[in-house]
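J.: pasting the sequence and the predicted model now:
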Protein chains: 2
Amino acid sequence: MERRNFLKTSLKTLGAGTAGVVAAPFVNTASAQETITWNMVTSWPKNFPALGTGANDFAARIERMSGGRMRVKVHGAGEMVPAMEVFDAVSAGTAEMGHSASYYWRGKVAAAQFFTAVPFGMTTTETNAWLYNGDGQSLWDEVYAEHNLKPFPVGNTGTQMAGWFKKEIKSLDDMQGLKLRLPGLAGEAMSGIGVTTMTTPGSEIFTSMQTGVLDAADWVGPYNDLAFGLHQVADYYYTSAWNEPSAVLEGTVNLDAWKALPDDLKAVVTEAARASNLAMISEFALRNAEALKTLVDEHGVKLRSFPDDVMSALHESSREVLQKQIDSDEASRRVYDSYRTFQQKVRPFTDVGEFAYLKAREKQLG
Amino acid sequence: MERRNFLKTSLKTLGAGTAGVVAAPFVNTASAQETITWNMVTSWPKNFPALGTGANDFAARIERMSGGRMRVKVHGAGEMVPAMEVFDAVSAGTAEMGHSASYYWRGKVAAAQFFTAVPFGMTTTETNAWLYNGDGQSLWDEVYAEHNLKPFPVGNTGTQMAGWFKKEIKSLDDMQGLKLRLPGLAGEAMSGIGVTTMTTPGSEIFTSMQTGVLDAADWVGPYNDLAFGLHQVADYYYTSAWNEPSAVLEGTVNLDAWKALPDDLKAVVTEAARASNLAMISEFALRNAEALKTLVDEHGVKLRSFPDDVMSALHESSREVLQKQIDSDEASRRVYDSYRTFQQKVRPFTDVGEFAYLKAREKQLG
């Protein structure tokens, strides 16, 4: 079966601890006339649905728009560097580009977490507005410049799911002592309500669930979760995505390599990133829907929402985690102040606009 | 006041009946080495918020990415051709490009309406998924190719509002005989419940409301409505956007001009369109929120939703209008079959994902 082969390959590559071949640091200083060839290292198995293929599409857009003057070779996790070494590799110039998620680097740059997802935070459209029309991009630039990196939003998973659980959750008591895979600020918030959280690499989730190392796991959403076969190791699939109401995928460019690019290719990379962002959002909207249908209709997955006491506890815990984060780190405080202020500014129109429409559509169409 | 000057300029240009200077038909057949200069005619006052500036940004992206090899000169409504002659001008090659909305051309291409907005139809993200990952783009290409045009989605207003009303609507009875500005399929649906609808050009809405030619009017959303000063001529502002849950702005390219472009510039235009689409969605998310606050806090505008009997009647009437449209036109049937099937496919994940999250956020954050 195609999916099984895919899964097998994935397990070998995503977040695997084995170091790949590491190329020598190398930065282009090509003039407008030369052909520029860059390497892009990623945190995804090669061609992984939407994430890996999105990185491929990003590279292809750059190549097409530059008429082949700029070529970007995309590497799956473990090919040049392991999944969790993308940040360091691009920072050092081992590769000129990376595609990953900023909250993986919380140990190096605490403030980076806010550029992926915030518990009870902004939707995809609101987040993009913060990045493109608010202070989001300039703050991200500032935080990453210290690491010799230029970041871009290059994709978004859209609204995620809250994760897979082996047993149904009927009250806050049922959460106590559960071993759950959940990274980032949301993982900390879960710890605050009595859950034992781990940042298991994506590739190890399936086996960890199977062997009982994990009782529950959040990965992405139906499309990616189906690809990893998570319905085979848990029956209950939880919404809503209090943890990741949207999740930005990051493209990074080594800052020396970026500065050496001619202006037209800077524009090509910038707009290819923006186009890839929308392309991935659209792809997830369709593929998640198709996969959700498959999970429910063919695999009998049971869709559930957390009970009210769990949601209230998660909200309270999230507030405490965010407060702790901004109290302990100046950059985090500045980034989250901007994020929170922006969310408060844009949310009233989301509520009067999109949210009001979704309610009206539900009422009329059923 | 800046806004008043802007309004004055707008009134002269948007949808004005006066014909502008019409340039001679002209198609580039430049090789990759030559500089290509195109004209883009638009249906918006020059630099009109988000719509006009979005067209400017689209042109600027093309110029930046091509390193100046391709330049696009943007013309406001009435400068080369009137607002409502964009389709014909680009079709004939008077200008190589256009920026407008496809439902303005319903008299020429009935099926074109479905590429802007459908009553009780898809959200912005769902619509983009249909265009980019479903059959939307290929159907649009097919329908427009007969008119020597290549279309692209180049922007989206996001969720609109349902419009401005001089008097509060407390029941279906209050709608009877109202004179309302509302174009497209939604306008027809309104006619079906006893409202007299007109397709007043944007530029004439303010005056028509003031003089009593109109009792109510839908334009776009807070950002654009504030720019036209509609709060000065009506107190009640209605949600939700049953009429235009999202509205695609269209870029058109003369098909002969398109075919003559080298492949890299075809890619530049295609991806500039996609990037501009996302840029406009993000801009509206922020600017609509800011304008909504101004309208409510500074101008005392009263936000309202239609009563249930009005919404139910509009839903029933919309179904009839859509059925009539697909029964009378083969192309409309094919396009709407694709649209409806896609909506049914993607909506379950929107509901489990984004909609479920918005409900959870409301419950926890208030």
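T.: Looks like it came in fine.
J.: from here on, contacts and neighbour counts on C-alpha atoms
T.: Noted.
J.: against chain B, how distant is residue A:366?
T.: Remark: distance between residue A:366 and chain B (C-alpha to the nearest C-alpha, to the nearest Å) = 11 Å.
J.: so who does that residue touch?
T.: With contacts defined as C-alpha atoms under 8 Å, 6 or more residues apart in numbering or on different chains, residue A:366 has no neighbours.
J.: go again using 10 Å as the cut-off
T.: Counting by C-alpha atoms under 10 Å, 6 or more residues apart in numbering or on different chains, residue A:366 makes contact with A:359, A:360.
J.: how about the contacts made by residue A:253?
T.: When contacts are counted by C-alpha under 10 Å, 6+ apart, residue A:253 touches A:38, A:40, A:87, A:90-91, A:93, A:95-99, A:148-152, A:259, A:269.
J.: give me the subset of these touching chain B.
T.: residue A:269 (C-alpha under 10 Å from any C-alpha of the partner chain).
J.: distance from the lengthiest helix in chain A to the middle of the chain?
T.: The longest helix of chain A (DSSP state H) is helix A:263-293. Put simply, helix A:263-293 sits 13 Å off its chain's centre (C-alpha atoms, centre = their mean, to the nearest Å).
J.: just checking, residue A:153 touches residue A:248?
T.: Yes. Using C-alpha atoms under 10 Å, residue A:153 is in contact with residue A:248, at 6.2 Å.
J.: do me a favour and average the pLDDT over the helix or strand harbouring residue A:206.
T.: Taking DSSP states H and E as the definition, residue A:206 sits inside helix A:205-211. For helix A:205-211, the mean per-residue pLDDT is 97.
J.: may I have it exported as CSV, CA atoms only?
T.: C-alpha atoms of helix A:205-211 as CSV (Å, rounded to 0.1, in the frame of the first residue of the first chain):
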residue,chain,number,x,y,z
ILE,A,205,4.5,9.6,17.2
PHE,A,206,3.1,6.4,15.6
THR,A,207,5.4,4.0,17.4
SER,A,208,5.2,5.9,20.7
MET,A,209,1.4,5.7,20.6
GLN,A,210,1.6,2.0,19.7
THR,A,211,4.0,1.1,22.5
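J.: would you agree residue A:49 is in contact with residue A:287?
T.: Yes. With contact defined as C-alpha under 10 Å, residue A:49 reaches residue A:287; the gap is 9.3 Å.
J.: what touches both of the two?
T.: With C-alpha under 10 Å, 6+ apart as the test, residue A:49 and residue A:287 both reach A:223, A:224.
J.: who's more crowded, the two?
T.: Between residue A:49 and residue A:287, residue A:287 has the larger neighbour count (other C-alpha atoms under 10 Å in any protein chain shown), namely 22 against 16.
J.: wait, the more buried one touches residue A:224, no?
T.: Yes. Judged on C-alpha under 10 Å, residue A:287 makes contact with residue A:224 at a distance of 9.1 Å.
J.: which neighbours do those two share?
T.: Contact criterion C-alpha under 10 Å, 6+ apart; residues shared by residue A:287 and residue A:224: A:49, A:50.
J.: what about the strands in chain A?
T.: Applying DSSP state E to chain A gives strands spanning A:36-42, A:70-75, A:97-100, A:149-156, A:163-165, A:179-181, A:196-198, A:216-217, A:236-239, A:248-254, A:302-305.
J.: which residues in the third one does the neighbour count mark as buried?
T.: It refers to strand A:97-100. In terms of neighbour count (16 or more other C-alpha atoms under 10 Å in any protein chain shown), strand A:97-100 has its buried residues at A:97, A:98, A:99, A:100.
J.: what's the answer for the second one, then?
T.: Burial within strand A:70-75, assessed by neighbour count using 16+ other C-alpha under 10 Å, is assigned to A:70, A:71, A:72, A:74, A:75.
J.: pipe those residues into CSV and attach pLDDT per row.
T.: As requested, those are arranged in CSV below (pLDDT from 0 to 100):
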residue, pLDDT
A:70, 98
A:71, 98
A:72, 98
A:74, 98
A:75, 98
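J.: next, format these as CSV and append distance to chain B.
T.: Shown next, in CSV, are the buried residues of strand A:70-75 (distance: C-alpha to the nearest C-alpha, whole Å):
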residue, distance to chain B
A:70, 12
A:71, 13
A:72, 16
A:74, 20
A:75, 23
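J.: tell me the two of the residues you listed that are most distant?
T.: Maximum pairwise distance in the buried residues of strand A:70-75, criterion C-alpha to C-alpha, is 16.3 Å, between A:70 and A:75.
J.: from start to finish, how long is stretch A:104-119 in a straight line?
T.: The first and final residues of stretch A:104-119 sit 16 Å from each other (C-alpha to C-alpha, to the nearest Å).
J.: please tell me how far it is from the chain's geometric centre.
T.: With C-alpha atoms, centre = their mean as the basis, stretch A:104-119 stands 11 Å off its chain's centre.
J.: cool, stretch A:246-260 as well?
T.: 15 Å.
J.: what of stretch A:103-111?
T.: 13 Å.
J.: can you check stretch A:313-329 too?
T.: What separates the centre of stretch A:313-329 from the centre of its chain is 20 Å, taken as C-alpha atoms, centre = their mean.
J.: kindly report the same for stretch A:296-308.
T.: 23 Å.
J.: does any bit of it sit next to chain B?
T.: Yes. Remark: stretch A:296-308 sits within contact range of chain B at A:303, A:304, A:305, A:308, by C-alpha under 10 Å from any C-alpha.
J.: end-to-end on that stretch?
T.: End to end - C-alpha to C-alpha - stretch A:296-308 spans 24 Å.
J.: re the thing from before, any common contacting residues for residue A:153 and residue A:248?
T.: With C-alpha under 10 Å, 6+ apart as the test, residue A:153 and residue A:248 both reach A:101, A:102, A:115, A:116, A:128, A:277.
J.: could I get those as a markdown table with distance to chain B, neighbour count and pLDDT?
T.: Below are those laid out as a markdown table (distance: C-alpha to the nearest C-alpha, whole Å; neighbours: other C-alpha atoms under 10 Å in any protein chain shown; pLDDT from 0 to 100):
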| residue | distance to chain B | neighbour count | pLDDT |
| --- | --- | --- | --- |
| A:101 | 20 | 27 | 96 |
| A:102 | 21 | 27 | 96 |
| A:115 | 16 | 24 | 98 |
| A:116 | 17 | 21 | 97 |
| A:128 | 6 | 28 | 98 |
| A:277 | 8 | 27 | 98 |
